[in-house]
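Peer 1: heads up, no residue letters with this:
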């Protein structure tokens, strides 16, 4: 049973950032400093990539470990309450990520995904791989 009223739960869920997170800002700043120009959160592209190089057909997604199920087979055992809600929700997110990847790739896009902790610990390497993809899609 949820300890919050539906109104409280709704307010809490609305407070969860889905764009302009700290990890996204870190990566975008690094790309911008390298002279790479992009669009962010493009609604016209399937899956709404966090960063998109439209002319080059490169889509970048910055995935948080919680919402996108990092190490899911081990982590899903950590849920002690509300398993009936959280497990299907995160598993659907994982499935949606796969569907987005497949559709974009079938349309000729290069799809790059990073975990948040990857960006925090290897920012330069993440930016390097994006830069290579952009230059290779000339």
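Peer 2: Okay, I see it. Note that the coordinates shown come from a computational prediction; the quantities given were computed from them, not determined experimentally.
Peer 1: Run through the helices of this protein in chain order.
Peer 2: Assigned by DSSP state H, the helices in the chain fall at 6-14, 22-33, 65-68, 72-75, 83-106, 116-121, 123-136.
Peer 1: Show me what the fourth one is packed against.
Peer 2: Contact analysis of helix 72-75 by 3 or more Cβ pairs under 8 Å, 6 or more residues apart in numbering; DSSP states H and E lists helix 83-106 as its packing neighbours. C-beta here means a position set from N, CA and C on the backbone, and glycine is covered the same way.
Peer 1: redo that, cut-off 10 Å
Peer 2: Helix 72-75 sits against helix 65-68, helix 83-106, with contacts defined as 3 or more Cβ pairs under 10 Å, 6 or more residues apart in numbering; DSSP states H and E.
Peer 1: again, but for the third one
Peer 2: Contact partners of helix 65-68 among helices and strands, from 3+ Cβ pairs under 10 Å, 6+ apart: helix 72-75, helix 83-106, strand 110-115, helix 116-121.
Peer 1: Which one, of the ones you listed, ends up nearest to residue 19?
Peer 2: Closest approach to residue 19 among those is made by helix 116-121 (13.5 Å; Cβ to Cβ).
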